[in-house]
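*Asks:* Can you look at this prediction? I've put the sequence above it.
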Amino acid sequence: MDDEHIYKRHNKTLLLYHLVFPTKYRKKVLTKSVDITLKNICIEISERYEIKFLEIGTDDDHVHFLIQSVLTMPVSKIAQTIKGITARELFQQHKEIKKQLWGGNLWTSGFYVNTVGQYGNRDVIAKYVKNQGKVYNKLYESQLTLFDL
């Protein structure tokens, strides 16, 4: 199997993300022809940015992406880049979408993101970490929650 890591001068990474973008108002505007255009736009984004689209799945009112990117690009910037470019280009190439959305935004303001592990899930990695070295400390039992600022 080919090595899918991204090698940079001082790091080696394999960062995979599952992103989901719902359309504004959950309008069913992602037709087959829009899907083809979206795929081509994503190929162009891959050529200009360090964002590799591995898979794209569209439904009428939302799209799923499996992407790989680099350590220096936060996932919020990845989402912002994809949402901005795809919306602009889809509005230009499919004018009917903008009409269906009353001239507004293509995507909702938020998005869903989850990291994807190629080499194991949380339990597998936790076991691996536990078996490294002489000392092991488990710091948290449950999902971390952060306070709103």
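*Replies:* Received, thanks.
*Asks:* Checking the residue positioned nearest the centre of the chain next. Helix, strand or coil?
*Replies:* Taking CA atoms, centre = their mean, the centroid of the chain lies closest to Leu19, which sits 3.4 Å from it. For Leu19, the secondary-structure state derived from DSSP: H, G, I helix; E, B strand; the rest coil is strand.
*Asks:* Now the residue lying closest to it once chain neighbours are set aside: phi and psi?
*Replies:* Nearest residue to Leu19, sequence neighbours excluded (CB to CB, 6 or more residues apart in numbering): Phe65, at 4.5 Å. For every residue, glycine as well, the C-beta is placed using N, CA and C. Per-residue torsions, Phe65: phi -120, psi 140 (degrees, to the nearest 10).
*Asks:* was I right about Phe65 contacting Ile51?
*Replies:* No. Shown here, Phe65 and Ile51 do not form a contact pair, counting by CB atoms under 8 Å, at 9.2 Å.
*Asks:* Compare the two (neighbour count), which wins?
*Replies:* Phe65 (24 against 20; other CB atoms under 10 Å).
*Asks:* What confidence value was assigned to the more buried one?
*Replies:* Note on Phe65: pLDDT of 95.
*Asks:* Now the common contact residues for Phe65 and Ile51.
*Replies:* Residues touching both Phe65 and Ile51 by CB atoms under 8 Å, 6 or more residues apart in numbering: Ile82.
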